[in-house]
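Engineer: Below is the sequence, then the predicted model.
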Amino acid sequence: MIVRVLGSAAGGGFPQWNCNHPNSRRARAGDPAAKPRTQSSIAVSADGEHWFLFNASPDLRQQIGANDVLHPKKGLRHSPIEGVVVTNADIDHIAGLLTLRESQPFRLYATAKVQGVLRENSVFNVLNPAVVIRDELPLEAPFELLRIDERASGLIVEAFPVPGKIALYLENPEAGPNLGTTAQDTIGLSVGARGADARCYYIPGCAELTPALAERLRGADCVFFDGTLWQDDEMIRSGTGVKTGARMGHMSLSGEHGTIAALRDLGVKRKILIHINCTNPILIEDSPEREAAVAAGWEISYDGMEVRL
């Protein structure tokens, strides 16, 4: 199984278009220690020929152009992209679907809740229903992704709920503290090749590492995990925002209850941070925070990174 990181940054990318934080200034200046990144997404394949996107970021057109495995190969119209699997309804994970509107067949996998959100927003009707098959993603039930021609892909996926938050544009203040969030709003994914024992987990958004989630990840071969912020109040401290990470549905990396500490003793073979906000100091390769994360056994994902299992 091949996992290609298409985008490693959080919403807005790095540098974010309207951000003048020191991180973004270094990236715009071409500082080699502050490499630019597009918005979070990975592509997965069992054979190197047929690919599935896990989330479709607003930067998808750029990401396809930057990854030759996703280029057309046959005839005048073709794509190796067989399907898209969506982990939530956040704009940075669904906006790229609009890039795939040129009547190209593919399968769209999402939970019933997220499929409902897409149906209710008429702009997504540009995905021609005659060629785009919308499949409901079951929870806690491993299944094999299908190619557009109904053939087996060789990829076994299991979706499971993780603590998170409903997409910003769907928040309902009248629904109480959880703003209307349900178990289908944020999911993680386990993926592996048929007949192989190795599994990779993709969890780009997570508000808490519950005991059940910790046990699920224990001893995993590879985990791509939410790396949005270093500190919970990072955006407030830097003057770039007014919300904490917790309010946005993300764990922070540092601290006794942070991601680094929470996953420290789980025996995960490869721990990789993804969905990294433009204010996070781990984006800067010469920062002490980056050094601390690496010393704790974490890899910092980058666009074009490839993992083989």
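Structural biologist: Everything's here; your move.

Engineer: Please count neighbours and contacts with C-alpha atoms only from this point.
Structural biologist: OK.

Engineer: Report the separation between the residue nearest to the spatial centre of the chain and Val223.
Structural biologist: Taking C-alpha atoms, centre = their mean, the centroid of the chain lies closest to Pro204, which sits 4.1 Å from it. Shown here: Pro204 relative to Val223, a distance of 10 Å by C-alpha to C-alpha, to the nearest Å.

Engineer: swap in Ala66?
Structural biologist: 24 Å.

Engineer: quick one: which of the two has more around it?
Structural biologist: Neighbours per residue, other C-alpha atoms under 10 Å: of Ala66 and Val223, the larger number sits with Val223, 24 against 14.

Engineer: got the residue ranges for the helices in this protein?
Structural biologist: Secondary structure of the chain (DSSP state H): helices at 22-28, 60-66, 91-94, 112-120, 211-217, 234-238, 245-248, 259-262, 288-295.

Engineer: Pull out the buried positions in the last one.
Structural biologist: Spelled out, that is helix 288-295. Neighbour counts over helix 288-295 (16 or more other C-alpha atoms under 10 Å) mark Glu289, Arg290, Ala293 as buried.

Engineer: quick one on the thing from earlier: the residue nearest to the centre of the chain touches His250, doesn't it?
Structural biologist: No - Pro204 lies out of contact with His250 (C-alpha atoms under 8 Å); the separation is 9.1 Å.

Engineer: Residues in contact with both of these two, list them for me.
Structural biologist: Shared contacts of Pro204 and His250, defined by C-alpha atoms under 8 Å, 6 or more residues apart in numbering, comprise Asp226.

Engineer: so where do the strands sit in the stretch 51-200 of the chain?
Structural biologist: 51-54, 81-85, 106-110, 132-136, 143-146, 152-161, 187-193, 200-203 (DSSP state E, counting those that start in this stretch).

Engineer: Which one, of those, ends up nearest to Asn178?
Structural biologist: Asn178 lies closest, by C-alpha to C-alpha, to one member of the strands of the stretch 51-200 of the chain: strand 152-161, at 15.0 Å.

Engineer: May I see the buried residues of the closest one?
Structural biologist: Those would be Ser153, Gly154, Leu155, Ile156, Val157, Glu158, Ala159, Phe160, Pro161, for strand 152-161 by 16+ other C-alpha under 10 Å.
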